[in-house]
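Enquirer: prediction below, plus the sequence it came from.
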Protein chains: 2
Amino acid sequence: MRIVVDAMGSDTFPQPDVQGAVLAAESGKKIILVGQEKIIKEELDKYKPSQRQNIEVVHAQDIISMSDKPSVVGKEKPNSSMHIGMNLVKDGQADAFVTAGNTGAAHAIAMLFTLKRIKGIKRPALSIIFSVYDKPVIILDVGANADAKPEWLVQFALMGSVYANLALELPTPRVALMSNGEEEGKGTQAILETRSLLQKTSLNFIGNIEPKDMHNNTADVIVTDGFTGNILIKTFEASTRYLSNIIREELKASILSTIGALFARSAFNRVRRRVDPSEIGGAPLLGVNGTVIIAHGGSDGFAIKNAINQAEIAAKAGIIEAIRNNIPNIEGE
Amino acid sequence: MRIVVDAMGSDTFPQPDVQGAVLAAESGKKIILVGQEKIIKEELDKYKPSQRQNIEVVHAQDIISMSDKPSVVGKEKPNSSMHIGMNLVKDGQADAFVTAGNTGAAHAIAMLFTLKRIKGIKRPALSIIFSVYDKPVIILDVGANADAKPEWLVQFALMGSVYANLALELPTPRVALMSNGEEEGKGTQAILETRSLLQKTSLNFIGNIEPKDMHNNTADVIVTDGFTGNILIKTFEASTRYLSNIIREELKASILSTIGALFARSAFNRVRRRVDPSEIGGAPLLGVNGTVIIAHGGSDGFAIKNAINQAEIAAKAGIIEAIRNNIPNIEGE
């Protein structure tokens, strides 16, 4: 198993990206770091030779930034770490690609320039995996397709279900459709159509859910369009950060509560870890011919290491083969 | 100023609804409680005569429950407290209507059976007012229209702007469009069209915002379709509740942190109040010919009292007149 890691991905590259690669390599994985060779080697030199022995470096001249436009970057920067990294997977020289870089760019480069779509899949979807009370939940699409057709959402349901089954080891994943109410009639026209299509598939479709159901173990796979899904995860992040800030302000407001906060410090650290998306490390881009895991731009080395673990699990699980084989099961009667 | 209060509205009616009315009446407001007379009078009898002197009761036979379908309840229960309450406003016998009942039903009954739309307004919108670091933010639509056309969103922007200006006393409210990214090209086709329409109005339109901008004083009025807006506020509620639960769990996990939590109890109480929507009390249904404030179904008496205050402010501010007069300003060039 060989995993390609984008050394130019994270907001503060190459430090977290290289550190994540080193941590993963220490546990025995073969890692290919892709990006500007000089920068990578300088960073690698900070580690002992024994720590670097499972790491190879492949040069890629172009660096994709977070502000690069997905619609043009694939063409304008053809020698990016994303292009070259994904092509290593495409050519069978590696088993998975991990990046903490520009999500839209990774999506466009995978779909249009390198790995391409799985035959029969209309649109790849970007997912996120939350750990809720220690149980994983996969949500997709969270940003790849702002406007999505009902048939695409049905394919997202299939891909999420396959991933939940094989990579998250959930036997018959419960698939739900995110809506503004649980009742059958709730939702946009597109949601109503998707619901009716999902009912005709052989997936374990349990109906509509609301945002609160993300946190109460109602579903394993949550299907949504990329616009709503993106708003959903950004609202989750923003809301928990806002609440944390308010708690911090109020704890500082009196001496007694400041002392209380000191006593409870380890509890707060555990809370932070439990809502931190970096604990899972990354989320798969599903629907392309290769395992691609996208980590948070703000990842630290620990998060990158977790994303590499996630990539290994996904690659071993045979997700792409399974998606390909299961497409007939969602065609309906 | 006379405010009609739905006595049959909240999840645990009539206690919170009547208590809210009593609290408001004590501060000098004239209140009309509408609902089943016998039930209301029994509840009112728990208070001193001096507390009830500004309260009148109007009988309404039908009770609308949270499970009643908005699409049929208006016709099936024509003598509901919502019908009769809103008609008191329509007929000029009262200045505003407050309910903590079924939001969809209130919307349908206002739009189709009682107050009707303001001339020129395509669809009423349901709003919510958050208090973020002590500054109000109005978000609309949060549930009235799952599928919304760009022209409707422009009208929501106008109505929100008028409300923010007159009722929330913000001189030139900053209007923003909720999207999955701040950049111009981000969003669904409907969002892109709305953005371009909003740029042609005389509103103080500042462009797209993301969910995190709800909490950093970027905008005063946040415009969204009813599906996204509903997901947004439900995700906020769900996320803060989830984080609170995790904090509670972790604080209980050790003796030290349990002691810390006791020391910090008053800080946590202040946090709870700051994220509690009942502090604002209610949110206006905008676009109908009368002031309607909808409070949370789980409101207590204190929240209902705040909603009644909000209703008085809105009615005094002349929102409906201002919306009517400002429609030409959003027609574009």
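Expert: That came in fine, so what should we check first? These numbers come from a predicted model, not from an experiment.
Enquirer: look up how far chain B lies from A:Ser196.
Expert: Per C-beta to the nearest C-beta, to the nearest Å, A:Ser196 is found 16 Å from chain B. For every residue, glycine as well, the C-beta is placed using N, CA and C.
Enquirer: tell me the secondary structure for that residue?
Expert: helix (DSSP: H, G, I helix; E, B strand; the rest coil).
Enquirer: ok, it - how many residues close by?
Expert: Per other C-beta atoms under 10 Å in any protein chain shown, the neighbour tally for A:Ser196 reads 12.
Enquirer: my guess is A:Ala125 contacts A:Ile139, does it?
Expert: No: between A:Ala125 and A:Ile139 there is no contact under C-beta atoms under 8 Å: 9.9 Å.
Enquirer: what do the two both touch?
Expert: Common contact partners of A:Ala125 and A:Ile139 (C-beta atoms under 8 Å, 6 or more residues apart in numbering or on different chains): A:Gly160.
Enquirer: who's more crowded, these two?
Expert: The residue with more neighbours, out of A:Ala125 and A:Ile139, is A:Ala125; 32 against 26, by other C-beta under 10 Å.
Enquirer: not counting sequence-adjacent ones, nearest residue to that one?
Expert: Of all residues not flanking A:Ala125 in the chain, A:Asp141 sits nearest, at 3.8 Å (C-beta to C-beta, 6 or more residues apart in numbering or on different chains).
Enquirer: pop out the phi and psi values for the closest residue to A:Thr224 other than its chain neighbours.
Expert: Nearest residue to A:Thr224 in three dimensions, chain neighbours excluded: A:Met178, at 4.1 Å (C-beta to C-beta, 6+ apart). Main-chain torsions, A:Met178, degrees, to the nearest 10: phi -70, psi 130.
Enquirer: and the next helix or strand past the lowest-mean-pLDDT helix or strand in chain A?
Expert: The weakest-scoring helix or strand in chain A, judged by mean pLDDT, DSSP states H and E, is helix A:265-275 (a mean of 83). Downstream of helix A:265-275, the first helix or strand assigned by DSSP states H and E is strand A:283-286.
Enquirer: check what contacts that following strand and list those residues.
Expert: Against strand A:283-286 from outside (C-beta under 8 Å, 6+ apart): A:106-107, A:110, A:124-129, A:138, A:140, A:142, A:144, A:156, A:159-160, A:163, A:167, A:291-294, A:310, A:314, A:319, A:323.
Enquirer: change it to 6 Å
Expert: Identification of contacts with strand A:283-286 by C-beta atoms under 6 Å, 6 or more residues apart in numbering or on different chains yields A:110, A:124-129, A:159, A:292-294, A:314.
Enquirer: B:Leu192: which of the residues you listed is nearest?
Expert: A:Leu126 (20.1 Å; C-beta to C-beta).
Enquirer: still on that earlier bit, for the residue nearest to A:Ala125, give me its contacts.
Expert: So A:Asp141 contacts A:125-126, A:156, A:226, A:229 (C-beta under 6 Å, 6+ apart).
Enquirer: let's see that with 8 Å instead.
Expert: Counting by C-beta under 8 Å, 6+ apart, A:Asp141 has contacts A:123, A:125-127, A:148, A:156, A:224-226, A:229.
Enquirer: how close does it sit to A:Val223?
Expert: A:Asp141 sits 8 Å away from A:Val223 when distances are taken as C-beta to C-beta, to the nearest Å.
Enquirer: between the two, which contacts overlap?
Expert: With C-beta under 8 Å, 6+ apart as the test, A:Asp141 and A:Val223 both reach A:Phe156.
Enquirer: now for A:Gln93, how many residues are close by?
Expert: Using other C-beta under 10 Å, A:Gln93 has 12 other residues around it.
Enquirer: okay, and the beta partners of the nearest residue to it once chain neighbours are set aside?
Expert: Nearest residue to A:Gln93, sequence neighbours excluded (C-beta to C-beta, 6+ apart): A:Arg2, at 7.3 Å. For A:Arg2, the beta-bridge partners under DSSP bridges are A:Lys30.
Enquirer: ok, now which ones touch A:Arg2?
Expert: A:Arg2 is in contact with A:30-32, A:93-95, counting by C-beta under 8 Å, 6+ apart.
Enquirer: which of those tops the neighbour count?
Expert: Of all those, A:Ala94 has the most neighbours under the rule other C-beta under 10 Å, reaching 27 neighbours.
Enquirer: in a helix, it, correct?
Expert: No: using three-state DSSP, the assignment for A:Ala94 is coil, not a helix.
Enquirer: does it touch A:Ile3 like I think?
Expert: Yes: assessed by C-beta under 8 Å, A:Ala94 is found in contact with A:Ile3 at 6.6 Å.
Enquirer: phi and psi next, for A:Phe205.
Expert: Dihedral pair for A:Phe205: phi -80, psi 120, per degrees, to the nearest 10.
Enquirer: Provide the partner residues of it in its beta bridges.
Expert: Beta bridges link A:Phe205 to A:Val175, judged by DSSP bridges.
Enquirer: now it: how far from A:Arg195?
Expert: Separation of A:Phe205 from A:Arg195 (C-beta to C-beta) stands at 8 Å.
Enquirer: what is in contact with these two at once?
Expert: Counting by C-beta under 8 Å, 6+ apart, the contacts common to A:Phe205 and A:Arg195 are A:Leu177.
Enquirer: which residue ranges of chain A form helices?
Expert: Assigned by DSSP state H, chain A shows helices spanning A:15-26, A:37-44, A:70-76, A:81-90, A:103-108, A:150-166, A:189-199, A:226-251, A:255-263, A:265-275, A:301-317, A:319-326.
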